[in-house]
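**Student:** have a look; sequence and predicted model below, questions after that.
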Amino acid sequence: MKPRIRAACQGLSTALILAAVLVSAPSAASANYFNDIYKGLEKFSELPSDVSELQESYKETMNELGETKESLDQTRSELNEARTEMETYRNQNAELQEQNRQLTAMIGELRDDRAARENYIHRLKVTVFTGLGLIAGYFILIRLVRFGMRGRSRRGDRIR
């Protein structure tokens with residue numbers, strides 16, 4: 001870009017010299033010829049400082065542009081990293097949701113198995129206690145029948 005700046009500066013200085021010559025050229029309407037020449041030379045002498053200011057401004061603008069490009073590149077890099085992280089989080093979230101679904105299904109199966117086991121144990125207890133009750137009732141009934149028959153047989157022995 002420096003050759004472009006130099007070419008622009010040379011073109012600008014040539015244009016300024018030409019303008020100064022034209023401004024300082026005597027005109028028929030101008031009565032103050034020396035005053036016009038002085039003003040033209042004064043303007044021409046101010047041109048290098050204007051060119052220097054323009055060059056400095058251009059350098060500052062280029063530096064700011066470079067910094068802005070670096071900042072933009074860094075922001076793009078950070079954005080790409082954030083997108084990658086977000087995609088990773090989405091994948092992890094999907095995996096965790098699948099695991100959660102599987103665990104929920106497994107918990108449901110375990111609850112069903114536990115309920116079935118508790119139901120089986122309850123029926124087993126009822127069956128055992130019913131059996132024990134029937135056996136105990138049988139023995140009590142047998143004892144009562146024997147006791148009743150003994151009592152009748154003793155009365156019957158008295159009657160004879």
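**Tutor:** Cool, got the structure.

**Student:** distance of T14 relative to Q99?
**Tutor:** 77 Å (C-beta to C-beta, to the nearest Å). All C-beta atoms are positioned from the backbone trio N, CA, C, and that covers glycine.

**Student:** how about L110?
**Tutor:** From L110 to Q99 the distance is 16 Å (C-beta to C-beta).

**Student:** which secondary structure state does Y89 sit in?
**Tutor:** Following DSSP: H, G, I helix; E, B strand; the rest coil, the label given to Y89 is helix.

**Student:** quick one: contacts for the most centrally placed residue in the chain?
**Tutor:** Among the residues of the chain, the one closest to the centroid is M86, at 4.6 Å (C-alpha atoms, centre = their mean). Residues counted as contacts of M86 (C-beta atoms under 8 Å, 6 or more residues apart in numbering): none.

**Student:** in what helix or strand does it lie?
**Tutor:** helix 33-159 (DSSP states H and E).

**Student:** low-confidence ranges, the chain, go.
**Tutor:** Scanning the chain for pLDDT under 70 picks out 1-13, 15-16, 18-34, 38, 41-42, 44-48, 50, 155-160.

**Student:** now with 80?
**Tutor:** 1-52, 151-160 (pLDDT under 80).

**Student:** Y58: how many residues sit nearby?
**Tutor:** With neighbours defined by other C-beta atoms under 10 Å, the count for Y58 comes to 14.

**Student:** repeat for V51
**Tutor:** 15.

**Student:** chain center to stretch 79-91: distance?
**Tutor:** Offset of stretch 79-91 from its chain centre (C-alpha atoms, centre = their mean, to the nearest Å): 7 Å.

**Student:** can you check stretch 101-121 too?
**Tutor:** For stretch 101-121 - counting by C-alpha atoms, centre = their mean - the centre lies 37 Å from the chain centre.

**Student:** CA atoms of that stretch as CSV?
**Tutor:** The C-alpha trace of stretch 101-121 is given here as CSV (Å, rounded to 0.1, in the frame of the first residue of the first chain):
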residue,chain,number,x,y,z
ARG,A,101,-35.6,-42.2,29.9
GLN,A,102,-33.9,-45.5,30.3
LEU,A,103,-33.5,-45.0,34.1
THR,A,104,-37.2,-44.0,34.4
ALA,A,105,-38.2,-47.2,32.6
MET,A,106,-35.9,-49.2,34.8
ILE,A,107,-37.3,-47.6,37.9
GLY,A,108,-40.9,-48.4,36.7
GLU,A,109,-39.9,-52.0,36.1
LEU,A,110,-38.3,-52.2,39.6
ARG,A,111,-41.4,-50.7,41.2
ASP,A,112,-43.6,-53.3,39.3
ASP,A,113,-41.3,-56.1,40.4
ARG,A,114,-41.4,-54.9,44.0
ALA,A,115,-45.2,-54.6,44.0
ALA,A,116,-45.4,-58.1,42.5
ARG,A,117,-43.0,-59.5,45.2
GLU,A,118,-44.9,-57.7,48.0
ASN,A,119,-48.2,-59.1,46.6
TYR,A,120,-46.7,-62.6,46.5
ILE,A,121,-45.4,-62.3,50.0
